[in-house]
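Student: When you get a sec, could you give me coordinates for this:
(2 chains)
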Amino acid sequence: NAGVTQTPKFQVLKTGQSMTLQCAQDMNHNSMYWYRQDPGMGLRLIYYSASEGTTDKGEVPNGYNVSRLNKREFSLRLESAAPSQTSVYFCASSEKATSSYEQYFGPGTRLTVT
Amino acid sequence: KQEVTQIPAALSVPEGENLVLNCSFTDSAIYNLQWFRQDPGKGLTSLLLIQSSQREQTSGRLNASLDKSSGRSTLYIAASQPGDSATYLCAVDPNTGFQKLVFGTGTRLLVSP
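Tutor: All right, here's what the predicted structure looks like:
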């Protein structure tokens, strides 16, 4: 029972490089989310996808793009990485149709931009 | 704008002690509130979710309460154990229809044997 998986676990980029963070869930959830976690700031929502084919901005979307490839997969792309994007990135999913509507999180990707 | 605050930022207790973690939020118009546990270098694990219409939820040694009108929630941990050492985060769903959670910065708990 994998739940939410993320790849890679760690990544080091140079300023200006691009990369895509991958996320997949096997719980048949409609909604998926990308957060970043910085020391002293808690988790902040970058983008979310309420259902397959839809995406929308969260609190801190600048410098990022997302793709909801299908119901299972939701990727986050950094087109031109900046040191300010050094953070831990978490993907999550949830299903409003369930009575609990909990969010389930992946293990995270630690990204360092030098 | 919804803001979530958790006090204290860190807490150290001896094993066996009962303890309370606090979470406050500025806008009472929430859909639900969720408590998470985060171990160092790991993702978040959901502990308890309280719907806005509920007053409390219990799971084992954990009890979470919600007072929506005053913008407060508490997480009570009974008979703490070293394995409870982790960071505890609360998050509110501000009822936008899209579960765009707003997180507190967490309470780092250390339970000593």
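
Student: B:T107: what's it in contact with?
Tutor: Applying C-beta atoms under 8 Å, 6 or more residues apart in numbering or on different chains, one finds that B:T107 lies in contact with B:6-11, B:21-22, B:87-88. All C-beta spots, glycine's among them, are computed from the backbone N, C-alpha and C.

Student: List the contacts of the most centrally placed residue in chain A.
Tutor: Residue closest to the mean C-alpha point of chain A, counted by C-alpha atoms, centre = their mean, is A:W34 at 2.8 Å. By C-beta under 8 Å, 6+ apart, A:W34 lies in contact with A:21, A:23, A:45-48, A:58, A:64, A:66, A:74, A:76, A:89-92.

Student: cool, and A:A92?
Tutor: Listed by C-beta under 8 Å, 6+ apart, the contact set of A:A92 reads A:4, A:32-35, A:103-106, B:44.

Student: Identify, from those residues, the entry nearest to B:I50.
Tutor: Nearest to B:I50, judged by C-beta to C-beta, of those is A:Q103 at 14.0 Å.

Student: tell me the contacts of the closest one?
Tutor: By C-beta under 8 Å, 6+ apart, the contact set of A:Q103 is A:33, A:92-94, B:34, B:46, B:91, B:99, B:101.

Student: Which of those residues fall in strands?
Tutor: With strands defined by DSSP state E, the entries of these inside them are A:33, A:92-94, B:34, B:46, B:91.

Student: Got a ChimeraX select line for the buried ones in these?
Tutor: Written as a ChimeraX command, the selection of buried residues from the ones in strands among the contacts of A:Q103, which uses 16 or more other C-beta atoms under 10 Å in any protein chain shown, is:
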select /A:33,92,93,94 /B:34,46,91
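
Student: Give the burial count for residue 9, as a bare number.
Tutor: If you meant another chain, say so; for now it's chain A. By the measure other C-beta atoms under 10 Å in any protein chain shown, the count of residues near A:K9 is 10.

Student: Let me rephrase: I mean chain B.
Tutor: Neighbour number of B:A9 under other C-beta under 10 Å is 13.

Student: Distance-wise, check it relative to chain A.
Tutor: Distance, B:A9 to chain A, using C-beta to the nearest C-beta, to the nearest Å: 9 Å.

Student: I'd guessed that residue sits against B:G104; true?
Tutor: No - applying C-beta atoms under 8 Å as the test, B:A9 and B:G104 come out as separate, 9.9 Å apart.

Student: near chain A, which residues of chain B?
Tutor: Neighbours of chain A within chain B, by C-beta under 8 Å from any C-beta of the partner chain: B:4, B:31-32, B:34, B:36, B:41-46, B:49, B:89, B:91, B:93, B:98-101, B:103-106.

Student: Which ChimeraX command selects the buried ones in these?
Tutor: Buried residues within the residues of chain B next to chain A, by 16+ other C-beta under 10 Å, are selected in ChimeraX with:
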select /B:4,31,32,34,36,43,44,46,49,89,91,93,98,99,100,101,103,104,105,106
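
Student: Count the neighbours of residue 39 for me.
Tutor: I'll assume chain A. 8.

Student: wait, I meant chain B there
Tutor: B:D39, neighbours per other C-beta under 10 Å, totals 12.

Student: Equivalent analysis for A:T7, please.
Tutor: Neighbours around A:T7, by other C-beta under 10 Å: 13.

Student: Please name the nearest non-neighbouring residue to it.
Tutor: With sequence-adjacent residues excluded and distances taken as C-beta to C-beta, 6 or more residues apart in numbering or on different chains, A:T7 is closest to A:Q22, at 4.7 Å.
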